[in-house]
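K.L.:
fold the stuff below for me.
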Amino acid sequence: MSVTRVLFRLYRPIILPFVVMIVLADVIATVAVTSVRHPDFSMWLVLGGAAAKYWILVIGIILVAMHLRQFVVNGATRHEFLAGVAVFGLILAVAWAIAVPLGHGIESAVLGAAGKRGPGYPVLTAGGALRQFGQQLPISLAYLVSGAMIATGFYRWRAWTGLVVMLGGAVPALATDWLLGFDVWGGLNRGVPYPAGLALSVAAIALVAWGLHRAISDVPIRPTAG
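P.N.:
Model (predicted):
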């Protein structure tokens with residue numbers, strides 16, 4: 001069985017409840033807001049766009065901190081583990097990059113049908129959906145890579161070296177969020193032109209992903225405690 005398939009089997013009990021939780025939270029929060037006023041922002045972008053990236057960061061940390069040893073001692077090579085994690089992470093990132101504009105579109109349509117959209121509400125268009133996908137995908141990848149690199153720093157090296165690696169590993173997440181992160185109206189937070197922000201973000205992701213590969217390719221596998 002491939003590393004990717006095993007990871008999806010392991011994470012299915014985590015992924016599905018998380019998605020349900022986010023959807024329920026959005027419905028409850030939107031109903032609460034619309035009972036008071038017509039919202040002029042997207043609650044889905046608050047929850048789906050902001051909250052989910054930290055969840056993906058945690059997954060990146062867990063993949064290295066918990067699963068690297070499990071796969072290697074059970075016969076997978078470090079290269080096979082990294083390749084499987086890369087495919088697993090890419091599928092997760094693409095899925096959530098689709099979910100963000102999809103959820104925003106459903107929210108926009110429902111509020112419009114109910115006559116509950118405020119005057120400033122960001123009605124989703126086809127172009128807006130494509131833009132959100134293009135923003136969310138590198139953000140998700142950046143947080144996943146940063147989480148994995150942070151965990152690798154402390155897994156491979158001593159605390160002080162791990163701290164330095166953690167700071168470097170956090171660069172893709174921080175930079176991509178700053179360059180491409182969107183606000184509750186779906187616009188770029190910093191107003192950086194998208195092509196420039198995307199190029200810089202991809203460069204940061206690629207650089208740290210390369211460092212992650214180098215660090216894990218020959219990392220000693222720690223024995224379990226006891």
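K.L.:
do you know how far residue 213 is from residue 199?
P.N.:
21 Å (Cβ to Cβ, to the nearest Å). In this view, the C-beta of every residue, glycine as well, is placed from N, C-alpha and C.
K.L.:
so for these two, which residue has more residues nearby?
P.N.:
residue 213 (15 against 12; other Cβ atoms under 10 Å).
K.L.:
you'd agree that one is up against residue 81?
P.N.:
No: in this structure, residue 213 is not within contact of residue 81 by Cβ atoms under 8 Å, at 10.9 Å.
K.L.:
in the protein, which helix is the longest?
P.N.:
Across the chain, the longest stretch assigned as helix under DSSP state H is helix 78-113.
K.L.:
can you pull the contacts of the residue nearest the centre of the chain?
P.N.:
Note on the chain: the residue nearest the mean C-alpha position is residue 140, at 2.9 Å, using Cα atoms, centre = their mean. Residues in contact with residue 140 (Cβ atoms under 8 Å, 6 or more residues apart in numbering) are 52-53, 56, 92-93, 96-97.
K.L.:
can I take it that it is in a strand?
P.N.:
No: using DSSP: H, G, I helix; E, B strand; the rest coil, the secondary structure at residue 140 is helix, not a strand.
K.L.:
most neighbours of all the contacts of residue 140, which one?
P.N.:
Going by other Cβ under 10 Å, residue 96 tops the contacts of residue 140 with 24 neighbours.
K.L.:
which ones are touching it?
P.N.:
Contacts of residue 96 by Cβ under 8 Å, 6+ apart are 48, 52, 56, 136, 140.
K.L.:
ok, now with 10 Å
P.N.:
For residue 96, the contacting residues are 15, 19, 22, 48-49, 52-53, 55-56, 103, 133, 136-137, 139-140, by Cβ atoms under 10 Å, 6 or more residues apart in numbering.
K.L.:
would you mind measuring from it to residue 19?
P.N.:
Taking Cβ to Cβ, one finds residue 96 at 9 Å from residue 19.
K.L.:
find the residues that touch each one of these two.
P.N.:
With Cβ under 10 Å, 6+ apart, residue 96 and residue 19 have common neighbours 48, 52, 103.
K.L.:
with respect to pLDDT, which of those residues ranks lowest?
P.N.:
The lowest pLDDT within these belongs to residue 52, with 75.
K.L.:
what kind of secondary structure is that one in?
P.N.:
helix.
K.L.:
that one reaches residue 144, doesn't it?
P.N.:
No: applying Cβ atoms under 10 Å, one finds residue 52 not in contact with residue 144, separated by 11.3 Å.
K.L.:
now the angle from whichever helix or strand residue 144 is part of to helix 78-113?
P.N.:
In this structure, residue 144 is located in helix 126-156 according to DSSP states H and E. Compare the direction of helix 126-156 with that of helix 78-113 by axes from the mean of the first three to the mean of the last three Cα atoms, to 10 degrees and you get 140 degrees.
K.L.:
distance between helix 126-156 and the chain's centre?
P.N.:
Here helix 126-156 shows a centroid-to-chain-centroid distance of 5 Å under the convention Cα atoms, centre = their mean, to the nearest Å.
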